[in-house]
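Participant: here are the coordinates; sequence isn't available:
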């Protein structure tokens, strides 16, 4: 089923914003837990959410909360996943028009 460009754009952007907001909040929670010395959120969970479209929130969370900035896997992985998120969104838009 082919969607209109506007409809597909709204769906993709909305989805990525929701996923980014979720990951941003989780980064803040994990930072607070790290300071308190309590149970943490698994790094794998954070990366899965990033891979599922929330990498922008991960990058912003790293910047705002100064969280995971010393981990090379996060410093390189989150921006790489963000690029992949945007590439996937572009590909969905591109192939829907064909």
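Facilitator: Noted; the coordinates are in hand. Treat the numbers as computed from the prediction; the structure is a model and nothing was measured.
Participant: Quickly find the element holding residue 46.
Facilitator: Following DSSP states H and E, one finds residue 46 within helix 43-49.
Participant: Would you mark the buried spots in that helix?
Facilitator: Going by neighbour count (16 or more other C-beta atoms under 10 Å), the buried part of helix 43-49 is 46-47, 49. Yep, even glycine has a C-beta here, placed from its N, CA and C like the rest.
Participant: likewise stretch 6-23?
Facilitator: 8, 12, 16, 19-20, 23.
Participant: Columns pLDDT on top of these, output as TSV?
Facilitator: Shown next, in TSV, are the buried residues of stretch 6-23 (pLDDT from 0 to 100):
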residue	pLDDT
8	94
12	97
16	98
19	98
20	98
23	98
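Participant: Compile those residues into TSV and extend it with columns for secondary structure.
Facilitator: Formatted as TSV, these follow (DSSP: H, G, I helix; E, B strand; the rest coil):
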residue	secondary structure
8	helix
12	helix
16	helix
19	helix
20	helix
23	helix
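Participant: Which two of those have the greatest separation?
Facilitator: Largest separation among these by C-beta to C-beta: 8 and 23, giving 22.5 Å.
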